[in-house]
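> Sequence and predicted structure, then a few things I'm wondering about:
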Amino acid sequence: MRRQRNVKIVATLGPASSDKETIRALFEAGADVFRLNMSHGSHSEIGERHRIIRELEGEVGRSIGILADLQGPKLRVGVFGEGEAELEVGQAFRLDLDDAPGDGSRVQLPHKEIFEALEPGAHLLVNDGKIRLVVDGCGEDFANCTVEVGGTISNRKGVNVPDVVLPLAALSEKDRKDLEFVCRLGVDWLALSFVQRAADVAEARELAQGRAAILSKIEKPAAVKAFDEILAVSDGIMVARGDLGVELPVQNVPPIQKRLVRKCRAAAKPVIVATQMLESMIESPIPTRAEVSDVAAAIYEGADAVMLSAESAAGSYPVEAVATMNNVAIEVESDPTYREVIEASRGGLKQSVADGIVSAAREIAETADIKVICCYSQSGRTASLVARERPRVPIIAMTSLVGTARRLSLTWGLHCVNTSELDRFKTAVVNAARAARKDGFAQATDQLVVTAGVPFGQSGTTNILRVAPCDERLILPSDPE
């Protein structure tokens, strides 16, 4: 099944999309990668969804990526004697470690680490920023605050601390158990929440032991500040705009999104733009015009993927949400302005043979009458470099490793094909020509570009580029072995 667009769609599974019929419908509507949200659902439910996806993958004959999104530590206030309290602007309010029920003057904040990091002037945001407190004075077990934005505060509402780097690991005990569970299942990507520093990513990578690629969620101001270091040690990035919009002024989020997407593209690492993309479709079959423009903006920026959360997991119109996103992507990518924007923002440091090969592949494909670029890639790096070029012609990523094909399903423009292990370049060209014809990218009278590395089976050896006919009968016996 060939997509008629380059940007990928990530759909979250949940109560509204947990049966095989719906998951298949989501795939057919355009979902390329499925997200398993570890904040919701038991291990048995997550395992069953994983089983259905892999079964569907075998039936449709196309690699499907699976992304497990770890919950991360959750910071919450305690409980109130009456379930809630009203806070007025300018009043004093205290947070402490005392587990006695709270009232209009205080409540428990059962996170000693927060008090250790707080300083006077720091802000605490409760219930997605609906309540805003500023710290006047603090100690190792309390924080005396003034209410800047008042309202109703109730039991176990979430707390954000945007102004300080918290001495908390990105992985809670629950996350560690979830990580091991999904790695044993065989997921392709691990999305890491609460990332503040590069060391958080290193810890997850050590636990994953190569069983899944690591995708860092950028949802905290500290992560934005340390982004270059985080990107360097991550396999991919998610711009999680929900928490970013809570911890930062909302007007800061669009330029941050643009910057992060550009940096990921330059590094040839996939980037997902996520959160509230088609939020109204949780309850409505039609999105707002603003939501459609938001999705389009991410596509114009060159994001590798756009993501649906509650829209596909718990909404009333999960399949319609995916179909809408698919249709928006097709329309945007057919706009001549899209190519102008994408090509004007093409960049990235090029200093290796592989960089030169893939750049030449794009130039040749766009100069001559070439229908498709076929790249052989074991680790996935060469395919990612081709995708970074954002060529005008389709890309077929060919690999003998099923795991690589599944991970690459998240990357812009890549149509992934599993192939047998190779020992001759001529065989690679023949297989590429057959795949291009079989999947509707070219006809026998067309030409394609093939890139590969010799010796085969070794990562980082891309060193050959060949323009070849799509009819393997025209590939000469004397062609390079």
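Sure thing, it's come through. Numbering: from 1, shown residues only.

> distance of Leu465 from Arg62?
26 Å (CB to CB, to the nearest Å). All C-beta atoms are positioned from the backbone trio N, CA, C, and that covers glycine.

> Among the two, which residue is more densely surrounded?
Using other CB atoms under 10 Å, the more surrounded residue of Leu465 and Arg62 is Arg62, with 20 against 17.

> Then the more buried one would be within a helix, right?
No - the assignment for Arg62 by DSSP: H, G, I helix; E, B strand; the rest coil gives coil, which leaves it out of any helix.

> Quick check: it touching Arg3?
No - the pair Arg62 / Arg3 is not scored as a contact, 9.5 Å apart, by CB atoms under 8 Å.

> now do the same end-to-end measure for stretch 75-94.
For stretch 75-94, the first-to-last residue distance is 16 Å (CA to CA, to the nearest Å).

> so Ser309 makes contact with Thr12?
Yes - Ser309 is in contact with Thr12 according to CB under 8 Å; the separation is 5.0 Å.

> any chance you could map the strands in the stretch 301-450 of the chain?
Counting by DSSP state E, counting those that start in this stretch, the stretch 301-450 of the chain has strands at residues 305-308, 370-376, 395-399, 414-418, 447-453.

> I should have written the stretch 101-250 of the chain there, sorry.
Going by DSSP E, counting those that start in this stretch, the stretch 101-250 of the chain shows strands at 106-108, 123-126, 131-139, 142-149, 151-154, 159-160, 189-192, 213-218, 236-240.

> what sits up against the longest one?
With CB atoms under 8 Å, 6 or more residues apart in numbering as the contact definition, strand 131-139 has outside contacts at 87, 92-93, 95, 115, 118-126, 143-151, 153, 157.

> Low-confidence regions, this protein specifically.
Counting by pLDDT under 70, the chain contains low-confidence residues at 476-481.

> For the residue nearest the centre of it, which residues count as its bridge partners?
Residue closest to the average C-alpha location in the chain (CA atoms, centre = their mean): Ile272, at 3.6 Å. Following DSSP bridges, Ile272 is listed with bridge partners Met238, Ala305.

> and what of Arg106?
Beta-bridge partners for Arg106, by DSSP bridges, are Arg94.

> how close does Ile230 get to Val201?
For Ile230 relative to Val201 (CB to CB), the value is 6 Å.

> Does Thr146 touch Glu88 like I think?
No - using CB under 8 Å, Thr146 makes no contact with Glu88, being 10.7 Å away.

> Settle it for me: which of those two has more neighbours?
Neighbours were counted for Thr146 and for Glu88 using other CB under 10 Å; Thr146 has more, 14 against 10.

> So what's the residue count around Arg156?
10.

> wait, it sits on Val77?
Yes - here Arg156 reaches Val77: they are 6.6 Å apart, a contact under CB under 8 Å.

> which residues sit in contact with Ala361?
Contacts of Ala361 (CB under 8 Å, 6+ apart): Ile373, Cys375, Val386, Glu389, Pro391, Val449, Thr451, Leu465.

> now the nearest residue to the fourth one once chain neighbours are set aside: how far from Asp32?
What sits nearest to Glu389 in space, not counting adjacent residues and going by CB to CB, 6 or more residues apart in numbering, is Arg362, at 4.2 Å. Here Arg362 is placed at a distance of 22 Å from Asp32 (CB to CB).

> Name the residue in those two with the higher neighbour count.
Asp32 (24 against 21).

> now the closest residue to Ala92 other than its chain neighbours, which residues is it bridged with?
Leaving out its chain neighbours, the residue that sits closest to Ala92 by CB to CB, 6+ apart is Thr146, at 6.3 Å. Under DSSP bridges, the beta-bridge partners of Thr146 are Ala92, Val134.

> what's the spacing between Thr146 and Gly90?
Thr146 sits 7 Å away from Gly90, taking CB to CB as the criterion.

> got it, and Glu84?
Look at Glu84 and Gly90: by CB to CB, they are 20 Å apart.

> repeat for Gly151
From Gly151 over to Gly90 the distance is 13 Å, taken as CB to CB.

> Settle it for me: which of these two has more neighbours?
For the pair Gly151 and Gly90, the greater number of neighbours falls to Gly151 (15 against 9), based on other CB under 10 Å.

> Could you list the domains of this structure?
For the chain, automatic domain parsing gives the domain ranges 8-72+170-337, 84-160, 353-474.

> between the ones you listed, which gets nearest to Glu343?
Comparing the domains of the chain against Glu343 with CB to CB, the closest turns out to be domain 353-474 (7.2 Å).

> Span of the closest one from start to end?
Domain 353-474: ends 28 Å apart by CA to CA.

> Distance from that domain to the middle of the chain?
Put simply, domain 353-474 sits 24 Å off its chain's centre (CA atoms, centre = their mean, to the nearest Å).

> which residues of the stretch 51-200 of the chain fall in helices?
For the stretch 51-200 of the chain, the helices defined by DSSP state H, counting those that start in this stretch occupy 112-117, 173-185, 198-208.

> Make CSV out of the ones you listed and add mean neighbour count and distance to Ala191.
Formatted as CSV, those follow (neighbours: other CB atoms under 10 Å; distance: least, CB to CB, whole Å):
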stretch, mean neighbour count, distance to Ala191
helix 112-117, 16, 23
helix 173-185, 17, 10
helix 198-208, 18, 10
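
> With distance to Glu45 as added columns, please give the ones you listed in JSON lines.
Below are those laid out as JSON lines (distance: least, CB to CB, whole Å):
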{"stretch": "helix 112-117", "distance to Glu45": "31"}
{"stretch": "helix 173-185", "distance to Glu45": "12"}
{"stretch": "helix 198-208", "distance to Glu45": "22"}
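
> nearest to Val417, of the ones you listed?
helix 173-185 (24.1 Å).

> List the contacts of the closest one.
Applying CB under 8 Å, 6+ apart, the contact partners of helix 173-185 are 36, 38, 43, 46-47, 50, 68, 70-73, 171, 190, 193, 204, 207-209, 211-212.
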